[in-house]
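Participant: take a look and give me a structure for this.
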Amino acid sequence: MTLDIRKETPRQPDVIDLLNQSDIYAQSLYPAESNHLVDLETLEKPEVSFFVARHDGAIIGCCALVAAGDGSGEIKRMFVDPKARGMRAGRSLLDAIEQTARDTGLTTVRLETGIYQPEAISLYRKAGYRDIEPFGSYKPDPLSLFMEKIVA
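Facilitator: Below you'll find the model as predicted:
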């Protein structure tokens with residue numbers, strides 16, 4: 001079993017399928033105003049590093065690091081195929097994001113996740129992320145949890 005994490009383009013059929021799965025999942029848990037999903041075009045911008053997790057060549061997960069311009073980056077579109085859970089793909093993607101943040105001079109990695117996603121919250125907390133107030137353009141939302149980790 002080989003798990004490989006690399007920067008890749010999000011514009012691949014299997015990645016688009018994962019993003020669609022992620023959309024359906026988020027929409028099943030939260031109302032539209034509490035979903036902060038970014039589209040494919042946003043994921044292709046120069047300030048975005050997009051990562052793909054592959055298991056024996058097959059795409060099983062993805063995530064993006066969006067540089068905010070203030071020394072921080074935000075995790076967006078972290079998703080692992082439910083059939084591939086337990087392979088540590090989420091943790092490996094998170095490690096790649098944090099290393100890229102350090103390599104590019106970012107000091108802090110932030111994220112917004114939903115309160116009905118205990119697996120994601122557990123992953124982030126185990127990795128050292130701490131709860132913070134809403135950041136950037138986010139507004140307070142009882143369905144959102146905001147977190148950050150100092151990586152520098």
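Participant: going forward, measure contacts and count neighbours with C-alpha atoms only.
Facilitator: OK.
Participant: hmm, who's touching stretch 91-107?
Facilitator: Identification of contacts with stretch 91-107 by Cα atoms under 8 Å, 6 or more residues apart in numbering yields 5, 51-53, 62-65, 67, 71-73, 75, 108-109, 123, 127, 150-152.
Participant: just the residues you listed: which are in strands?
Facilitator: Of the contacts of stretch 91-107, the ones assigned to strands by DSSP state E are 5, 51-53, 62-65, 67, 72-73, 75, 108-109, 150.
Participant: which among those gets closest to G86?
Facilitator: For those, the residue nearest G86 by Cα to Cα is A53; the value is 13.1 Å.
Participant: do you know how far the residue nearest the centre of the chain is from Y116?
Facilitator: When Cα atoms, centre = their mean is applied to the chain, the residue found nearest the centroid is M78 (2.9 Å). Noted for M78: a distance of 15 Å to Y116, by Cα to Cα, to the nearest Å.
Participant: residue contacts, the residue lying closest to V66 once chain neighbours are set aside?
Facilitator: Nearest non-adjacent residue to V66, counting by Cα to Cα, 6 or more residues apart in numbering: V48, 4.5 Å away. V48 makes contact with 42, 64-67, according to Cα under 8 Å, 6+ apart.
Participant: torsion angles phi and psi at V48?
Facilitator: The phi/psi pair for V48 (degrees, to the nearest 10) reads phi -110, psi 130.
Participant: let me know the pLDDT of it.
Facilitator: Looking at V48, its pLDDT is 97.
Participant: in space, what's closest to C62 - neighbours in sequence excluded?
Facilitator: Counting by Cα to Cα, 6+ apart, V52 is the residue found nearest to C62 once chain neighbours are left out, at 4.4 Å.
Participant: and that neighbour, how far from A89?
Facilitator: The spacing between V52 and A89, counted by Cα to Cα, is 9 Å.
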